[in-house]
Each structure stands twice: as C-alpha cells, then as structure tokens.
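Colleague: Need the 3D shape of this:
(one chain, ligands or ions: 2)
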Amino acid sequence: MKKQIAILGSTGSIGTQALEVIEEHSDLYEVYCLTANNRVKELAEQARKFKPAAVVIANESHYEELKSMLADCPDINVYAGKQALDDIVTAGPIDMVLTAMVGFAGLSPTIQAIKAHKKICLANKETLVVAGELICKLAAENHAPILPVDSEHSAIFQSIVGEGDNKIEKILLTASGGPFRTFSTEQLATVTKDHALHHPTWDMGAKITIDSATMMNKGFEVIEAKWLFGVEADRIQVLVHPQSIVHSAVQFADGAVKAQLGVPDMRLPIQYAFSFPERLHLNGERLDLFKHNLEFFEPDLNKFRCLALAYEAINKGGNMPCIVNAANEIVNRGFLEDRCSFLDMPRIIERTMQTVAFDANPSYDTYIATDAEARRVAKELMG
Ligand code: NDP
Ligand code: MG
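Modeller: Ligands and ions are numbered 1, 2, ... in the order given. Predicted structure coming up:
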C-alpha cells in the first residue's frame, strides 16, 4: 500500500520539493491532498499532475477560480477556507501530513492532524515556536509522531537514531549566518529586501529568507529543538557555519559528537521524514569534503538582536514566544513591503514583547488571543 500524504502549502519551496520526492518514489507515496493560499494556477497544475483526492485553497476568494480550473477533473474535490484545512487533515486515508505552510496559520491544522493520529512531517516551525508545549503534549497523548523537516533538526534527529535512552548533553545548532553575516551594525541600517532575499546557501520562501537574514530563524530553531528533543536552551549552542555542510550535531555524555553532513538540499530531510527509519535513494550532488573548508564562529547577539530576543522569549516561556512570532510575522511582511527598515524589525518586536500581556500558563485560546493582540501592537508600532 502506498503511503498517502497531505501537503499543506504545496506551492511553496518545501511543498514543491516534497512533490519532487514523491514523484521520484511514486511506488511508495501518493498525494492525498494539496493546499495553497493564493497561487491558484500553480495549485491547479499540481492537482492535474498528481491527481489528489482533494485540494484546498485557504483564501476563500479564489474558490470559484480553482473550481473552474479543475472542472474537468471530477475525481478531485475542491474546498476553500481555514476550516476546510482543519477538516481535510483528518481524512481517514491520510498517513502523513507535511506541514509546509508558513506562519501561525499552520497551528490549527497541525493540531487537528495530531488529534487524528496522523504522522506529522513538520516544516512549519512557527507551530512549535508558538505552542511547543501544547503540541508536544497532544502528540504524546495521541501517539502522533513528529518528524522534523527543518534541515538542522533532521540532522539532530539523524544523529540520535540508535542512541536509545542515551541522553543528549548538548546540541550544536549550525547557522549559515545569512547574507549579512560579516556586516557591521552601520551597514545593517541600510540593507534592502532585495539584498536580504539573496540567501548564500539555501533557496527558500521569502518569509524564512528574511528570518535567516535577521537570524530570527535561528532563534526559532532553538525553540523548535527544545521542544522536539527535550533539551533546554542553555544546552543548545548556535554555531555560525557559513558553508552549510554540517547541518547540526549532538554531543553525548562521553563527549562524542555525532553530526549529519551533506550539500544543502532540502529534499533529503523531507524524504527522510517520509521514509524514516529507511533511507531511500536521492538523485543529487554528493558531498566532496576536499572542496570545502569548514568554518565555525560564535553568533554576534549585539548585531543580530532578533536572536537575542528569541533567547529572551525562551527563558521567559509562557506566551512570550507566541508574542515574538506574531510581531515577527508583522515586521517581516513590513520589511518585504518597504514599510520598515532592517533594524526596525528587532526594535518593534522588543517593544511588542514589553507591551502585550504575559501569561505563564497559556491555553490554546490564550495563544489565539495573544497572536491577535501582538499583531495589533506590532502594526501600530510600525505605523
Ligand atoms: P513558501 O512561502 O515558499 O510557501 C508557503 C506555502 O504555504 C505556500 O504553498 C503558500 O501558498 C502557503 N501559505 C502561505 N500562507 C498561508 C496561509 N495563511 N494559509 C494557508 N497556506 C498558506 O514557504 P517555505 O516553503 O519556504 O516554508 C514553509 C515552512 O517551512 C515555513 O514554516 C518555514 O519556516 C519552513 N521551512 C522552510 C525551509 C525551506 O527551505 N524553504 C527550511 C526549513 C523550514 P501560496 O503559494 O498560495 O501563497
Ligand atoms: Mg533550518
């Protein structure tokens, strides 16, 4: 029986690479459902090719357009809206849900998929940033495995396979450092979105590319690692590694350090999340260590304030990471639309953290309310 996969965010960077993996291993995997937000034409093209049982367009205003584009495909059910996303992930035949949509919007469908006991292949790190504690609790209660797709977390996961109960002493979380790694604060004051969108080693969606330039992405990954692997933030060390060859590593009680290395290619962590514990063939460049000079540096928290703010949020706990995520989504979009500068981003996030009410023991409803309030505050601060 082929494994049935739902891809949330199939038109994005992770989504399209996941479809490449599925196409390459069409003897093992089948697409059950594809979803997007606005890119109707791309979604319809994917649906024609992969013939899923269902497609969902999150933005309901595109429903009629999508429906008419697929009018001659009666076997594909077409749905629209947020509720449809929550519903579709619970469909009986689905074995795995790849959460490859961007932002807070991933939280609700991820929760529904966990409650329906689906295996989660998690790319949408914002879900764990916002509600890591709740997600881990639900996953344990519902026996829903969460397999990391983020390259660093996949590397950590691959490094602990076979280690049984051996405790992790320390996680070494690598970061490329982004396009502004060597910039001074004065230079950071004038950088543009066009420059920020050119990541040195990875080709990703716009939001995460900006998060990589500010290093908020790495802060989010510290939070993600804490929840996925049960390791406190003070035992997660960020190492700037410009070559992006060592995808992350784990240190054990005897000092042994295990890492996963490879050329940057997101298809590997996506495929490993699908196929675990098996490894499947992957067409692509092989690592030639003679070609790479591997370097490691300490991150500069004064220059990359977003990383410092993420650490502050982790230490504070409660709904603080949710506040940071919401404010970050607002300033990230603001920077992409030339409504705030690069250095405005951490300033606005910090002010939002100081303004929104703190809650040490948030429920799901608290997260929803916190997210809305933090967005409102951050928008107001951005002007
Ligand atoms: P993209 O922007 O390339 O794609 C995002 C996808 O989500 C698109 O299909 C988009 O639809 C859909 N989407 C966006 N907003 C919504 C919404 N509100 N509701 C429903 N669907 C929505 O992002 P990436 O593929 O780069 O990233 C996806 C996730 O994976 C992020 O959480 C990111 O942090 C994480 N990730 C990505 C990596 C990468 O290499 N790209 C690496 C590690 C993690 P549409 O196309 O219609 O806009
Ligand atoms: Mg990553």
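Colleague: At which residues are the strands of the protein located?
Modeller: 3-8, 29-36, 54-57, 77-80, 96-99, 119-122, 146-148, 168-175, 236-240, 246-252, 257-261 (DSSP state E).
Colleague: Quick check: neighbours of the second one in the sheet, parallel or antiparallel?
Modeller: The one in question is strand 29-36. Counting by DSSP bridges, the strands paired with strand 29-36 are strand 3-8 (parallel), strand 54-57 (parallel).
Colleague: what's the closest of the ones you listed to Arg347?
Modeller: For the strands paired with strand 29-36, distance to Arg347 was read as CB to CB. The smallest value, 32.4 Å, belongs to strand 3-8. Bear in mind the C-beta positions are built from the backbone N, C-alpha and C, glycine included.
Colleague: what's that closest one in contact with?
Modeller: Residues from elsewhere that reach strand 3-8 (CB atoms under 8 Å, 6 or more residues apart in numbering): 15, 18-19, 22, 28-35, 85, 88-89, 91, 93-101, 106, 109, 113, 118, 124, 274.
Colleague: Check stretch 41-57 too.
Modeller: Outside stretch 41-57, the residues touching it (CB under 8 Å, 6+ apart) are 10-11, 19, 22-23, 31-38, 40, 63, 66, 69-70, 73, 75-81, 84-85, 88, 91, 93.
Colleague: Mean confidence (pLDDT) on it, please.
Modeller: For stretch 41-57, the mean per-residue pLDDT is 98.
Colleague: now stretch 178-196
Modeller: Averaging pLDDT along stretch 178-196 yields 96.
Colleague: Reformat the strands paired with strand 29-36 as JSON lines; add distance to Pro264 and mean neighbour count.
Modeller: Output for the strands paired with strand 29-36, formatted as JSON lines (distance: least, CB to CB, whole Å; neighbours: other CB atoms under 10 Å):
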{"stretch": "strand 3-8", "distance to Pro264": "21", "mean neighbour count": "25"}
{"stretch": "strand 54-57", "distance to Pro264": "30", "mean neighbour count": "27"}
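Colleague: need the contact list for the closest residue to ligand 1 within the chain.
Modeller: Per CB to the nearest ligand atom, Gly12 is where the chain lies closest to ligand 1, at 1.9 Å. Contacts for Gly12 (CB under 8 Å, 6+ apart) come out as Ala36, Ala100, Met101, Val102, Gly205.
Colleague: so which pair among those residues is furthest apart in space?
Modeller: Across the contacts of Gly12, no pair lies farther apart than Ala36 and Gly205, at 12.2 Å, counting by CB to CB.
Colleague: and those two? which has more neighbours close in?
Modeller: With neighbours defined as other CB atoms under 10 Å, Ala36 and Gly205 compare such that Ala36 has more, 27 against 17.
Colleague: unless I'm mixing things up, the more buried one is touching Ala58, no?
Modeller: Yes. Using CB atoms under 8 Å, Ala36 is in contact with Ala58, at 7.0 Å.
Colleague: Report the separation between the two terminal residues of stretch 279-292.
Modeller: 25 Å (CA to CA, to the nearest Å).
Colleague: Can you name the residues in contact with it?
Modeller: Contacts for stretch 279-292 (CB under 8 Å, 6+ apart): 24-25, 28, 243, 245, 261-263, 265, 267-268, 271-272.
Colleague: Stretch 335-348 too?
Modeller: Residues contacting stretch 335-348 (CB under 8 Å, 6+ apart): 185, 188-191, 193, 196, 206-207, 210, 213-214, 216, 305-306, 309, 327-328, 330-332, 334, 378, 381-382.
Colleague: average pLDDT for it?
Modeller: Averaged across stretch 335-348, pLDDT comes to 98.
Colleague: Filter the contacts of strand 3-8 down to just the buried residues.
Modeller: With neighbours counted by 16 or more other CB atoms under 10 Å, those contain buried members at 15, 18-19, 22, 29-35, 85, 88-89, 91, 94-101, 106, 109, 113, 118, 124, 274.
Colleague: Kindly report the residues of the chain close to ligand 1.
Modeller: Within the chain, the positions near ligand 1 by CB under 6 Å from any ligand atom are 9-15, 36-39, 58, 100-103, 105, 123-126, 150, 202, 204-208, 266.
Colleague: what do you get if the cut-off is 5 Å, keeping everything else the same?
Modeller: 9, 11-14, 36-39, 58, 100-102, 105, 123-125, 150, 204-205, 208, 266 (CB under 5 Å from any ligand atom).
Colleague: Out of those residues, which are close to ligand 2?
Modeller: Restricting these to those touching ligand 2 (CB under 5 Å from the ion) yields Asp150.
Colleague: No more questions from me, cheers.
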